[in-house]
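Asks: 3D, please:
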Amino acid sequence: MTTSGVPKSLTEKLDGVSRRDFMRITKQFGVTSTMLGLGTLAGAVTLPRLAEAANSTYKKRFKNKAKHTIKFGADGMNARVQSIEHSGALQFTQDIEERTDGAVRIEFLGSNQICGQLNCVKKTQQGIVDMYTSSTQNAAGGAPYYNVLDYAYAFPSRASMFHFFYHPTSNKILREGMRKRHKLEFLFTHCEMRGIMLGKGWQDKPTVKSVTELAGTKNRVTGTQLGRIAMNLMKLNPVPIAWEETLDGLKQGLVDGAETWSAAAAFANMAPVMSQDVNLDFFSGTQGTAMSTNVFDKLPGEIQDAVLESAYLTQVWVQGHHEAGLIQIVGNTNPQFPDTIYAKNGVRYAALTDAAKKEAEEMCSPEFQPKAWEQWRERLNKWSGGHDTYKEIYDCARQIPKDTHVVNVEPRRWWRT
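Replies: Got it, this is the predicted structure:
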């Protein structure tokens, strides 16, 4: 990382801008204005275009004096990553600043400048940053109630996930529990489902059609305890590996595969060392964004309303943009677009049939294997204030038809019951 806090991994992706020139622009206009400006650019990024975009963004952001400055620890997020995984961090930053006419200013600290996947949540709880984004599964190490999202096969589809996060049930089951237990105001999230990303050891093997074909393999797992329960039941031998070390683990063959979601594998440059993306879809993959309740509660009522409205608009933006990105940029479809990340790297999208997913569900879900889940289910129910967390999430997720397309899920403001 440079002394300006701008990592090489970001600047080396800008073909028309040297690292030194990028640093000079961030010094003049600030990292946040440069990141936001970069996010508005399409096509080749030249130095004049980037400087103009950063300058324009800077002028908009600083036309009025900020009344509230919020430090946003955005793990590895930056404009490049957000062009692959559309999880909304930069969109929220831009929208809340515009919505409040500059009364709120976000200090965007992405690209692992101040925190990463495993500790952004802890640094928010400690007051080092005011809000953060990271995988809820990795954040579960510091905020265990996040495990409530990770019951195996509680969600039958990505559409059902969006439906839940918009629904007042998410306010009751997820958000209220996060407020009470971890002092976090959960705002918005991207929605994918987690599968197994197989390394090159599976390059010459047939496309996986059943989870039983993966029995005995070793696979990286996140910080979620519930994910490990499901993987053990499916004989997938979970091996805890930090996100930052997962690429090397696959490259060196330390694990056969990695449990994650498609866009994460794509933005983390895993595709060159992958062979198959096996869409087990066995529990949620959520890059969630949350704010410290201590910070949120101190904001004036009209600013709190603005934060929620910006979070809602960002959730709607993510719903459309990320779904398109999975098809047009990542390549987790059959057949694939020829210029997707997966197609360029020869990664097969192993789309399991409904029958194959049902086979996996019967092996590992609380519906069919209740004994294995009793301890965590009781713990989460107690933390929630007595709700049957699995049943309420399960039922909410099935309020829409299973074949509902993500883009047809109706947005709603979850805090309005």
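
Asks: tell me which residues in stretch 93-113 are buried?
Replies: Within stretch 93-113, the residues that count as buried by 16 or more other Cβ atoms under 10 Å are 93-97, 99-100, 102-113. Just so you know, the C-beta spots here come from the backbone N, C-alpha and C atoms, and that holds for glycine as well.

Asks: From the chain's centroid, how far away is that stretch?
Replies: Mean-position distance between stretch 93-113 and its chain equals 19 Å (Cα atoms, centre = their mean, to the nearest Å).

Asks: Can I get it as PDB, trimmed to CA atoms?
Replies: Below are the C-alpha coordinates for stretch 93-113, written out as PDB (Å, rounded to 0.1, in the frame of the first residue of the first chain):
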ATOM      1  CA  THR A  93     -21.800   7.200  -0.400                       C
ATOM      2  CA  GLN A  94     -22.800   9.300  -3.400                       C
ATOM      3  CA  ASP A  95     -26.600   9.200  -2.700                       C
ATOM      4  CA  ILE A  96     -26.400  10.200   1.000                       C
ATOM      5  CA  GLU A  97     -24.200  13.100   0.200                       C
ATOM      6  CA  GLU A  98     -26.500  14.300  -2.600                       C
ATOM      7  CA  ARG A  99     -29.600  13.600  -0.600                       C
ATOM      8  CA  THR A 100     -28.500  15.700   2.300                       C
ATOM      9  CA  ASP A 101     -27.000  18.400   0.100                       C
ATOM     10  CA  GLY A 102     -23.600  17.900   1.600                       C
ATOM     11  CA  ALA A 103     -24.800  17.900   5.300                       C
ATOM     12  CA  VAL A 104     -23.500  14.400   5.500                       C
ATOM     13  CA  ARG A 105     -20.000  13.700   4.100                       C
ATOM     14  CA  ILE A 106     -18.600  10.200   3.800                       C
ATOM     15  CA  GLU A 107     -14.900   9.500   4.200                       C
ATOM     16  CA  PHE A 108     -14.700   6.300   2.000                       C
ATOM     17  CA  LEU A 109     -11.900   4.100   3.100                       C
ATOM     18  CA  GLY A 110     -12.000   1.100   0.800                       C
ATOM     19  CA  SER A 111      -9.300  -1.100  -0.800                       C
ATOM     20  CA  ASN A 112      -8.400  -2.400   2.700                       C
ATOM     21  CA  GLN A 113      -7.000   0.900   3.800                       C
END
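
Asks: Now that stretch: average pLDDT?
Replies: Averaged over stretch 93-113, pLDDT sits at 93.

Asks: How about stretch 339-355?
Replies: 97.

Asks: list the buried ones in that stretch?
Replies: Applying 16+ other Cβ under 10 Å to stretch 339-355 flags 340, 341, 342, 343, 345, 347, 348, 349, 350, 351, 352 as buried.

Asks: Dump these to TSV, plus secondary structure and distance to residue 402.
Replies: Below are the buried residues of stretch 339-355 laid out as TSV (DSSP: H, G, I helix; E, B strand; the rest coil; distance: Cβ to Cβ, whole Å):
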residue	secondary structure	distance to residue 402
340	coil	26
341	helix	28
342	helix	25
343	helix	28
345	helix	31
347	coil	26
348	strand	25
349	strand	20
350	strand	20
351	coil	15
352	coil	15
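
Asks: between these, which is nearest residue 54?
Replies: residue 341 (27.1 Å; Cβ to Cβ).

Asks: give me every residue that touches the closest one.
Replies: By Cβ atoms under 8 Å, 6 or more residues apart in numbering, the contact list for residue 341 reads 84, 266, 271, 329, 330, 331, 347.

Asks: What separation do you get for the fifth one and residue 84?
Replies: Relative to residue 84, residue 330 is positioned 7 Å away (Cβ to Cβ, to the nearest Å).

Asks: Next: the last one.
Replies: Separation of residue 347 from residue 84 (Cβ to Cβ): 14 Å.

Asks: What about the buried residues of stretch 93-113, which are in helices?
Replies: 93, 94, 95, 96, 97, 99 (DSSP state H).

Asks: Between the residues you listed, which sits nearest residue 402?
Replies: Among these, and counting by Cβ to Cβ, the member closest to residue 402 is residue 95, at 32.1 Å.

Asks: which residue packs closest to that closest one, ignoring adjacent ones?
Replies: Distances taken as Cβ to Cβ, 6 or more residues apart in numbering put residue 310 closest to residue 95, at 4.4 Å, once the chain neighbours are dropped.

Asks: That neighbour contacts residue 89, doesn't it?
Replies: No: using Cβ atoms under 8 Å, residue 310 is not in contact with residue 89, being 11.8 Å away.

Asks: Settle it for me: which of those two has more neighbours?
Replies: residue 89 (30 against 24; other Cβ atoms under 10 Å).

Asks: what bridges to the most centrally placed residue in the chain?
Replies: The chain has residue 287 as the residue nearest its centroid, 1.7 Å off, counting by Cα atoms, centre = their mean. Going by DSSP bridges, residue 287 is paired in beta bridges with residue 135.

Asks: Which residues are in contact with it?
Replies: Residue 287 touches 85, 87, 133, 134, 135, 136, 189, 190, 264, counting by Cβ under 8 Å, 6+ apart.

Asks: Mind putting these into TSV with pLDDT?
Replies: Converted to TSV, the contacts of residue 287 look like this (pLDDT from 0 to 100):
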residue	pLDDT
85	96
87	96
133	98
134	96
135	95
136	96
189	98
190	97
264	95
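
Asks: between the buried residues of stretch 339-355, which is nearest residue 181?
Replies: Closest to residue 181, out of all of those and judged by Cβ to Cβ, is residue 352, at 34.7 Å.
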